[in-house]
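1. Compute the structure for the input listed below.
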Amino acid sequence: MWKLMHIHKSFFIRETVIAMVINALICFAMTFVAFRSQTQIMLWGPGGLFLDLIPTIFMPIFCMALIITPTMRKRIEKGTAPRAPWQRKDHALLRLLPAASIFRAVTIGLFGLLLLLPITTGLLSTIKIFPLSLYEVLVFKICFGALMGVLIAPFILIGAMADKGENPCRESEA
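-> Residues are numbered from 1 along each chain as shown. Down below sits the predicted model:
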C-alpha cells in the first residue's frame with residue numbers, strides 16, 4: 001500500500017534535483033546579500049551565521065512548499081504528474097498537514113526550522129571552524145541549500161501527490 005512505483009521514484013528524483021538547485025541558488029543569494037561586506041563571519045553574535053540560519057532555513061522551505069504544493073496539484077489534475085498510490089488522510093504524518101497551501105507552507109517551514117536549526121548550529125559549534133571567510137560561508141550555504149532540497153522536497157511532493165479527493169486546487173474558490 002505504501003510502496004511507490006517506478007514512475008514515482010523517477011519523478012521524485014527529477015523534482016528533488018530541481019529543488020536542490022533552486023535552494024542552493026536561493027541560499028547563495030541570501031548569504032551573499034547578508035555577508036557581502038564582511039571579511040570574517042562568526043557563528044554567534046550580531047552579524048553571525050546563527051542569526052542568518054533562521055531565514056536561510058525557513059524561507060527556502062516555505063517557498064518550496066508554497067510553490068510545489070499548488071503546482072503539483074495542478075500537474076496531477078492535468079495528468080502531467082503521477083498521484084501517490086495512497087491518500088494523505090490515510091498516512092500518519094501527512095494527515096497532519098493542512099490542506100491550504102499557505103498554511104501547509106508555514107507548517108513545513110516551521111518544522112524544517114525546528115529540526116535543522118539546532119542540528120546545524122550544534123554541528124557548527126562542535127567542529128569549531130570559525131571565523132569563516134565569505135567564500136567559505138557561501139560554499140557552506142550552497143551545500144546546505146542543496147541538502148535542504150534533498151531532505152524536504154520529497155516530503156512536500158508526497159504530501160501534494162497524496163491530496164486525493166480534497167479538491168485543494170480550488171481552495172481559493174471556496
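
2. lowest average confidence, helix or strand, in this structure?
-> Counting by mean pLDDT, DSSP states H and E, the chain has its least confident helix or strand at helix 6-35, which shows a mean of 89.

3. what comes up buried for it?
-> 8, 11-12, 15-16, 19-20, 22-24, 26-27, 30-31, 34-35 (16 or more other CB atoms under 10 Å). C-beta coordinates here come from the backbone N, C-alpha and C atoms, glycine included.

4. all helices for this protein, in order.
-> Here the chain has its helices, by DSSP state H, at 6-35, 49-78, 101-127, 134-161.

5. out of those helices, which comes closest to residue 92?
-> helix 134-161 (12.5 Å; CB to CB).

6. average pLDDT for the closest one?
-> For helix 134-161, mean pLDDT is 93.

7. Output the contacting helices and strands for that helix.
-> helix 6-35, helix 49-78, helix 101-127 (3 or more CB pairs under 8 Å, 6 or more residues apart in numbering; DSSP states H and E).

8. which stretch among these comes nearest residue 149?
-> helix 6-35 (3.5 Å).

9. Residue 148 - how many residues pack around it?
-> Using other CB atoms under 10 Å, residue 148 has 24 other residues around it.

10. Can you name the residues that contact the most centrally placed residue in the chain?
-> Nearest to the mean C-alpha position of the chain, by CA atoms, centre = their mean, lies residue 61 at 3.1 Å. Contact analysis of residue 61 by CB atoms under 8 Å, 6 or more residues apart in numbering lists 108-109, 112-113, 148, 152.
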